[in-house]
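**Q** No sequence on hand, only this structure:
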């Protein structure tokens, strides 16, 4: 993450604690009871990569939607970086 080490404290990676840039944009749930400092278990969240134009086109994602999505993802990343630094 931007050259920063991810905290090994599993509680710091709790999906509920992570900020979101949009109500539909979220981090996967972290299964703390199954995770350790060496192994992180998170829920599977089906999605489409923002770089996969073929799937985005098949799902009728417009250019305006993509610009909004890119802005939301950037905002979420920056909020996450701030969260991890705290």
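**A** All right, it came through fine. If you're wondering where the values come from, they're calculated on a predicted model, not measured in any experiment.
**Q** mind listing the helices for the chain?
**A** Applying DSSP state H to the chain gives helices spanning 53-58, 63-85.
**Q** Residue 34 is nearest to which of these?
**A** Nearest to residue 34 among the helices of the chain is helix 63-85; the distance by CB to CB comes to 21.6 Å. (C-beta placed from N, C-alpha, C; glycine too.)
**Q** What helices and strands are in contact with that closest one?
**A** With contacts defined as 3 or more CB pairs under 8 Å, 6 or more residues apart in numbering; DSSP states H and E, helix 63-85 has no helix or strand neighbours.
**Q** re the thing from before, ok, of the helices of the chain, where does mean pLDDT dip lowest?
**A** Among the helices of the chain, helix 63-85 carries the lowest mean pLDDT, at a mean of 78.
**Q** For the helices of the chain, give me CSV that also has mean neighbour count.
**A** Listed next are these as CSV, based on neighbours: other CB atoms under 10 Å:
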stretch, mean neighbour count
helix 53-58, 12
helix 63-85, 13
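**Q** Let me have these in TSV, extended by distance to residue 44.
**A** Converted to TSV, the helices of the chain look like this (distance: least, CB to CB, whole Å):
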stretch	distance to residue 44
helix 53-58	17
helix 63-85	19
